[in-house]
Each structure stands twice: as C-alpha cells, then as structure tokens.
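Novice: Would you be able to build a 3D model of this:
(chains A and B)
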Amino acid sequence: MALLGPVGFLTACSSSAEPGPTATAPAPATVASAAAAQENELVALYDMVIATFPALAAALAPLGDQHRAHAASLDTTAAVPPSAASAPASADEALAALIAAERRAMRQRVDSCVEADEPGLARTLAFIAASEGSHVPALRALRS
Amino acid sequence: MTAAEAWAAVVEGEDAAVFAYSVAGARVGASARAKALNGLDAHRAHRGRASALVTAAGGTPPTPAVAYDLPFEVTSRATARALMALVDNRLVGLYADAAEQASGDDRRWAARSAAENATRAVTWGAEPQAFPTGEAVGSAS
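Specialist: Numbers count the residues shown, from 1 in each chain, chains lettered A, B, ... in the order given. Have a look, this model is predicted:
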C-alpha cells in the first residue's frame, strides 16, 4: 500500500536549529503581557461585533470566550480595552474583520512563541496560535 | 521530555495521521477527496521533516507502524471526516510540546504546524478549541 511506501524525503530536510541572536529578545513577562493585551483586543472586537449583531452571539460568544481564556493564561492582570474599532456596516463585514484579526493574531502568536524565553510559555503560545487558526474556518462557515 | 523525544512523538503522530488519511481519504467522497489528498501530502512531508529533527536532536526516528488500530470504524463520509479531524487535533498537542523543546526556526515550524493542524481539524468538522492553555505557563509538561 502506498501509505507504507518509502518516504524519499525523510532525511532530505536539514535542520537549522541555530537560534538567532538572543541579546535583544524581550523578557518572558513582556512577551506574555504583550500577547495578553492583543488577546484582549480580540475580546473587545468580539464583544463589539456581538453587541452590534446579536444574531451572531450564539456562534461568536464561545470564540470570544476562548480569547478571554488565552489572555488569562498569559497575564491575569490584563484588562479588556474599550473597543477602538467602529462597528462594521454588515454582519459579513464584521465576520471579515474577525477573520482578518484572527489570522493576524495567529501570526503574532507564532512570533511570540519564537521569542518566548521560557519553554512553557512557548508551548502555551503554540496552543493559542493553534486555537486562533481553528477560529478562521469556523468564522468562514458563518459568512453568507 | 527532550527535544528528540518531542520530535519522535510528532513523527509517530504524523505516521498515524498518514495512515488515517489514507483510510479516510478513500471514503470521504469525491468533493472532499482533493482536500484529503492535500492533507495526506502535508502529513507525509511533516513526518519527514520531524524525523530529520529527531536525528538532528541526537535521537533515532521511530520505526513506522505497519498499521494502526482506529478508534472507530470508517464506514461513511462522516466517520472519515471525524477520523481526520481527530488525528489533526491530536497533533496540535504534540507540536506544542515540540515548540516547548525547540528554538528558533524549528520552534516556529512547530507552532505553525500546530496552527495548521488545528485549522484543518475544524474544516473536517471539529469544534474550534481553546486548547489547554491555563496550566502551561511556567510549568513543565
């Protein structure tokens, strides 16, 4: 069966495990608190969309709650900021804004994962990046 | 857990995913077949890179299993999708563990791979997850 066939590229990928210079890497608390602040910005965005389009509340509230959990796991002192974004004109526009925000957050969490000095924090940030990635198809499915 | 152990766990998870996608891809239906084949290719490529990372970390890559016991029978499109969602979501934790043990570009690849698997799992019908983030900061896993 093909699935048990040889994998020619098994050793083709060389590892580049050398980390870059770490002298300018932010301290772990900075990485965690910056990520928590960005998570709370997402919470504020979800809250604003839910308040503007109550029909989306049932689908969006669980996703917003996951960002609350992420922020709390990173920095318990971080607070949800007042939403700076203006309300989108339509539900589809709101969903597009959320999709863009989730994709940006996922990239930011991958970056902060790489920057994290503490291994346990890197693991947490990888999980959060994964969670944000998982939100994207869920939001796409809500678009009309 | 060492880096070699974390990457070896990824290799085993990817090997199981290749098996699962091969079984499920045949039953997922024509409209989803291309997506399943893309996933199969991705899991094969990831298994290869993770295997090289085991070696780079001083370990010996695990030997692929001949077959895997499936958690449920794949008898329909729905069970085929559920199996692919299951193996993809299982890989998220394995890549997060690898991210903890790796650094630099390898850690970036681990985090991206965790996200890629979590995203694909939802496209197969899994619920989006918060994943276990609460206990991990500051604790060894």
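Novice: where's residue A:123 relative to chain B, distance?
Specialist: Separation of residue A:123 from chain B (Cβ to the nearest Cβ, to the nearest Å): 4 Å. Heads up, the C-betas are built off the backbone N, CA and C, glycines and all.
Novice: Just the mean pLDDT for the helix or strand residue B:45 falls within, thanks.
Specialist: Under the criterion of DSSP states H and E, residue B:45 resides in helix B:30-56. The average of the pLDDT scores along helix B:30-56 is 98.
Novice: next structured bit after it?
Specialist: Assigned by DSSP H and E, the successor of helix B:30-56 is helix B:77-101.
Novice: and that following helix, how far out from the chain's middle?
Specialist: 5 Å (Cα atoms, centre = their mean, to the nearest Å).
Novice: helices or strands next to that helix in the packing?
Specialist: helix A:119-140, helix B:3-25, helix B:30-56, helix B:104-123 (3 or more Cβ pairs under 8 Å, 6 or more residues apart in numbering or on different chains; DSSP states H and E).
Novice: got the buried residues for that helix?
Specialist: For helix B:77-101, a neighbour-count test (16 or more other Cβ atoms under 10 Å in any protein chain shown) marks B:79-89, B:91-101 as buried.
Novice: same thing with stretch B:56-74?
Specialist: B:56-57, B:59, B:61, B:64, B:70, B:74.
Novice: now do stretch B:118-125
Specialist: Quick answer for stretch B:118-125 (16+ other Cβ under 10 Å): B:118-124.
Novice: isn't residue A:99 right next to residue A:136, touching?
Specialist: Yes: between residue A:99 and residue A:136 there is a contact under Cβ atoms under 8 Å: 5.8 Å.
Novice: okay, these two: which has more neighbours?
Specialist: Taking other Cβ atoms under 10 Å in any protein chain shown, residue A:99 and residue A:136 do not tie; residue A:136 has more neighbours (21 against 18).
Novice: Can you tell me which of the helices and strands packed on helix B:77-101 is most buried?
Specialist: Mean neighbour count, computed with mean count of other Cβ atoms under 10 Å in any protein chain shown, is highest for helix A:119-140 among the helices and strands packed on helix B:77-101, reaching a mean of 27.
Novice: Who are the packing partners of it?
Specialist: helix A:28-52, helix A:57-74, helix A:91-115, helix B:77-101, helix B:104-123.
Novice: rerun at 6 Å
Specialist: helix A:57-74, helix A:91-115, helix B:77-101, helix B:104-123 (3 or more Cβ pairs under 6 Å, 6 or more residues apart in numbering or on different chains; DSSP states H and E).
Novice: In a markdown table, list the ones you listed along with mean pLDDT.
Specialist: As requested, the helices and strands packed on helix A:119-140 are exported to a markdown table (pLDDT from 0 to 100):
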| stretch | mean pLDDT |
| --- | --- |
| helix A:57-74 | 96 |
| helix A:91-115 | 97 |
| helix B:77-101 | 98 |
| helix B:104-123 | 98 |
